[in-house]
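Asks: The sequence and its predicted three-dimensional model are supplied below.
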Amino acid sequence: MMELGFINVLSMGKNVLLLGITWEMVIFVGMLLLKIKRIKQEYSMMKSHVIEAEKERLYQSRFSSIGRTIGNIAHQWKQPLNALGAVLTNMKGSLILEPKLKKKKLIESLDTSFEILKHLSATIDTFYNFLLKSYSNKVQFYVCEELESIQKMLEYTLKNSKIELRIHCNADSFLYGNPNEFIQVLLNILLNAKEQFDVLDYEEALIDMTVKEMHELCIVSIQDNAGGIVIEPIERIFEHNVTCKKNSAGTGLFICKDIIENRFKGSITVENKNKGACFTITIPLFNNQL
């Protein structure tokens with residue numbers, strides 16, 4: 001047939017070649033689609049693992065904060081309870097030893113006792129709000145109000161360590177996010193400074209917290225005079241498993257950075273100056289966060 005010219009060999013060869021290429025392309029596309037599907041599945045699994053790991057780190061950080069907070073409650077209550085015990089002991093002694101006890105003195109002692117009890121109740125309310133509020137809800141909040149809560153929570157803890165916390169609110173910034181996460185970041189930094197002061201036994205321990213606004217941004221700076229951070233380069237302090245302390249997992253500041261950057265769309269930096277460390281947190285104001 002080929003010799004008689006009924007079959008065009010060249011044309012048939014082209015068709016066979018074209019058919020072969022077509023099938024190769026079909027097979028290649030099929031394999032590519034399977035590969036893409038597998039990559040998507042692997043990406044989805046990896047993303048799920050990352051989310052779970054992030055949740056686990058947040059839970060670890062929160063449990064760490066709860067442990068520290070319980071310790072702060074003990075410090076907060078210790079001195080007022082001692083004061084209350086002294087007042088009640090004094091009242092009992094006066095009732096036993098002074099037959100003609102003046103009513104005015106008794107009323108003054110009772111008023112002092114009630115003031116101490118009111119303080120203890122307020123302290124519990126402050127810690128209760130911090131521990132039991134949801135970590136997922138985002139609301140509008142004022143920065144200075146949260147700083148006042150922090151000052152109440154750490155009042156006796158810092159006082160017992162002879163640390164002076166000075167808060168300078170040059171602007172009452174209005175932010176959007178979870179206030180508990182914001183408090184958690186500040187508490188972590190403040191308690192790290194407190195632990196550093198305890199180790200080095202400073203005589204004039206100072207922590208200055210300043211709030212100001214600039215270019216539609218809220219800027220919170222936390223400056224101490226505890227000697228600064230020895231890790232170099234200093235930015236590594238925000239990395240996972242990097243820490244200056246013994247028996248520490250090195251997750252605290254790593255979580256702080258994650259919260260500020262991913263939850264509040266801000267930034268956190270640190271530098272050594274004025275004989276200590278200065279953390280600077282920058283967060284867009286409420287109108288720019290939405």
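Replies: Yep, that arrived. Numbers count the residues shown, from 1 in each chain.
Asks: What is the neighbour count of D111?
Replies: Neighbours of D111 under the rule other C-beta atoms under 10 Å: 11. (C-beta placed from N, C-alpha, C; glycine too.)
Asks: tell me the SS of it?
Replies: Secondary structure assignment for D111 (DSSP: H, G, I helix; E, B strand; the rest coil): helix.
Asks: Please determine how far it is located from V87.
Replies: Separation of D111 from V87 (C-beta to C-beta, to the nearest Å): 10 Å.
Asks: and what of L33?
Replies: 80 Å.
Asks: Between those two, which is the more surrounded one?
Replies: V87 (18 against 10).
Asks: Do you know the pLDDT at the more buried one?
Replies: pLDDT recorded at V87 is 74.
Asks: again, but for S161
Replies: You'll see S161 listed with a pLDDT of 80.
Asks: give me every residue that touches it.
Replies: By C-beta atoms under 8 Å, 6 or more residues apart in numbering, the contact set of S161 is K194, F197, D198, A205.
Asks: Specify the beta-bridge partners of the last one.
Replies: Going back to what we said before, that points to A205. I163 (DSSP bridges).
Asks: check contacts around it.
Replies: S161, K162, I163, E164, F197, D224, N225, A226.
Asks: do the second one as well
Replies: Residues touching F197, when contacts are defined by C-beta under 8 Å, 6+ apart, comprise S161, I163, A205, D224, A226.
Asks: Going by distance to S48, which of those wins?
Replies: Closest approach between these and S48, by C-beta to C-beta: D224, at 39.7 Å.
Asks: That closest one: how many residues sit nearby?
Replies: D224 sits with 27 neighbouring residues when counted by other C-beta under 10 Å.
Asks: For it, give its distance to G93.
Replies: 43 Å.
Asks: With L175 instead?
Replies: According to C-beta to C-beta, L175 stands 52 Å off from G93.
Asks: for the stretch 151-290 of the chain, what spans make up the strands?
Replies: Remark: strands assigned in the stretch 151-290 of the chain by DSSP state E, counting those that start in this stretch are 163-169, 174-177, 205-214, 217-224, 267-273, 276-284.
Asks: would JSON lines of those with distance to E148 be doable?
Replies: Output for the strands of the stretch 151-290 of the chain, formatted as JSON lines (distance: least, C-beta to C-beta, whole Å):
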{"stretch": "strand 163-169", "distance to E148": "8"}
{"stretch": "strand 174-177", "distance to E148": "15"}
{"stretch": "strand 205-214", "distance to E148": "11"}
{"stretch": "strand 217-224", "distance to E148": "14"}
{"stretch": "strand 267-273", "distance to E148": "22"}
{"stretch": "strand 276-284", "distance to E148": "17"}
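Asks: Tell me which of these sits nearest to K138.
Replies: strand 174-177 (5.3 Å).
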